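Novice: pasting the sequence and the predicted model now:
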Amino acid sequence: MATINRQLVLRQRPKELIAPGDLELIQTPVPDLKDGQALARVKYLSMDPTMRVWMAVDTYLPMVGIGEVMRAVGFAEIAESRTPEFKKGDKVVGLTGLQEYTVIDPSEKARAFQKMPGIPFLSDSAFLGVLGITGLTAFFGMEIAAPKKGDTLVVSAAAGATGSIAGQIGKINGCRVVGIVGSDEKCQWITEELGFDAAVNYKHADWKEKLAAATPQGIDINFENVGGEVMQAVLNRMNLFGRVVLCGLISGYTKGDPGMASFGNVLVKRLRVQGFIVIDFASRFMETATKLGQWKMFGKLKDRETIVDGLEKAPEAINMLFTGGNIGKTLVKV
Ligand SMILES: NC(=O)c1ccc[n+]([C@@H]2O[C@H](COP(=O)([O-])OP(=O)(O)OC[C@H]3O[C@@H](n4cnc5c(N)ncnc54)[C@H](OP(=O)(O)O)[C@@H]3O)[C@@H](O)[C@H]2O)c1
């Protein structure tokens with residue numbers, strides 16, 4: 001009997017948060033493998049804010065078509081292989097999609113499957129978090145920021161997958177690091193566990209005063225994940241010739257607006273603003289993941305995961321990224 005694959009397909013484009021009916025769970029038989037292909041069983045799926053963007057607009061990748069399996073990065077294990085490139089048991093990361101099984105054709109470069117090494121002290125899920133796309137994003141964003149000892153760095157969405165690593169890289173580089181987050185529990189985690197110098201909860205009415213108190217020397221680097229009002233408050237406190245690394249603008253993703261703050265500060269303070277997309281650095285992923293792994297092994301980087309059980313819960317898990325229900329890297333265990 002054919003193995004059954006469960007898949008989440010895009011049925012309609014979400015208006016705000018993902019609503020019932022936007023993604024539909026379907027069952028299809030796993031196709032027979034052709035020569036040159038491998039079958040992988042998905043173990044973990046990375047939940048990324050950009051998935052909500054992929055559902056609705058063309059950006060750096062085309063939006064997902066209606067009726068297609070929803071695009072997602074996943075960690076999978078080769079279950080069967082008819083290609084010399086993979087053998088049974090190999091662990092891979094790539095664009096698996098929101099499904100339980102995926103057929104990999106190594107000639108299909110766009111899905112970017114890469115074999116992952118087996119490292120005893122690392123869990124499989126780390127290849128989607130601290131050593132995966134979000135850890136790499138934090139690393140390359142901080143490289144663009146060019147931190148110097150004594151700089152004040154402010155990171156927004158600082159208890160999330162990317163922000164929590166970016167802030168710790170700031171500490172490794174000798175910065176004073178301040179995180180902006182949406183709960184007191186997150187403030188506590190990033191200061192007490194991750195070593196941030198201060199944290200500000202943007203849901204408190206006096207948060208802008210708290211941000212000013214936490215950045216007495218102004219701000220030299222803004223690692224921006226949120227945009228909108230949060231970014232505006234940070235820009236207002238930037239020092240002359242500061243650097244703004246535009247990593248994400250999550251406050252706008254469910255509203256269909258870019259979540260951008262005003263450019264007045266950029267002009268008057270002569271700021272350098274640089275956006276980036278992590279896939280631009282793909283040729284350096286392996287060497288950088290090794291470095292992140294060493295930092296983790298020596299206790300310089302700490303990470304945390306929010307793991308949601310079951311493929312069918314993926315829509316809820318994506319929404320958590322926008323309601324702030326997650327801490328650290330958000331994953332679905334398939
Ligand atoms: N440029 C790239 O290549 C690249 C790659 C990966 C990710 N990113 C970007 O990096 C950012 C973080 O992504 P991630 O995967 O690490 O997710 P994440 O930070 O783990 O989760 C998103 C967090 O954003 C915060 N947030 C959501 N809506 C907000 C709002 N309206 N105002 C303020 N905070 C809000 C929430 O935390 P609170 O509870 O603190 O509100 C939530 O936990 C996103 O903007 C994403 O698009 C960019």
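Specialist: Right, received. Where do you want to start?
Novice: tell me the secondary structure for Lys329?
Specialist: Per DSSP: H, G, I helix; E, B strand; the rest coil, the secondary structure class of Lys329 is strand.
Novice: tell me what the closest residue to Val266 other than its chain neighbours is bridged to.
Specialist: Beyond its immediate neighbours in the sequence, the residue positioned closest to Val266 (C-beta to C-beta, 6 or more residues apart in numbering) is Val273, lying 5.8 Å away. The way it works is simple: take the backbone N, C-alpha and C, and place the C-beta from them, glycine included. On the basis of DSSP bridges, Val273 takes part in beta bridges with Val244.
Novice: residue in the stretch 201-334 of the chain nearest to the ligand?
Specialist: Of the stretch 201-334 of the chain, the residue with the smallest distance to the ligand, taken as C-beta to the nearest ligand atom, is Gly248 at 1.8 Å.
Novice: near the ligand, which residues of the chain show up?
Specialist: On the criterion C-beta under 6 Å from any ligand atom, the ligand has as its neighbours in the chain the residues 48-50, 133-134, 137, 157, 159-163, 181-183, 186, 225-226, 230, 247-248, 250-251, 276-278, 321-322, 324, 326, 330.
Novice: quick one: contacts for the closest residue to Arg41 other than its chain neighbours?
Specialist: By the measure of C-beta to C-beta, 6+ apart, the closest residue to Arg41 outside its immediate chain neighbours is Ala79, 4.7 Å from it. With contact set as C-beta atoms under 8 Å, 6 or more residues apart in numbering, Ala79 has these partners: 39-41, 88, 101.
Novice: quick one: the helix or strand harbouring Ala79 to chain centroid distance?
Specialist: Assigning secondary structure by DSSP states H and E places Ala79 in strand 74-81. In terms of C-alpha atoms, centre = their mean, to the nearest Å, the centre of strand 74-81 is found 22 Å from the chain centre.
Novice: just checking: what are the partner strands of that strand?
Specialist: Sheet partners by DSSP bridges: for strand 74-81, these are strand 38-46 (antiparallel), strand 91-94 (antiparallel).
Novice: re earlier: what residues are up against the residue of the stretch 201-334 of the chain closest to the ligand?
Specialist: With contacts taken as C-beta under 8 Å, 6+ apart, Gly248 has the following neighbours: 49-50, 157, 162, 224-227.
Novice: mind putting those residues in CSV, pLDDT, neighbour count and distance to Val308 included?
Specialist: Listed next are the contacts of Gly248 as CSV, based on pLDDT from 0 to 100; neighbours: other C-beta atoms under 10 Å; distance: C-beta to C-beta, whole Å:
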residue, pLDDT, neighbour count, distance to Val308
Pro49, 97, 20, 15
Thr50, 97, 20, 18
Ala157, 98, 28, 18
Thr162, 98, 27, 18
Glu224, 98, 29, 26
Asn225, 98, 28, 21
Val226, 97, 25, 22
Gly227, 96, 21, 25
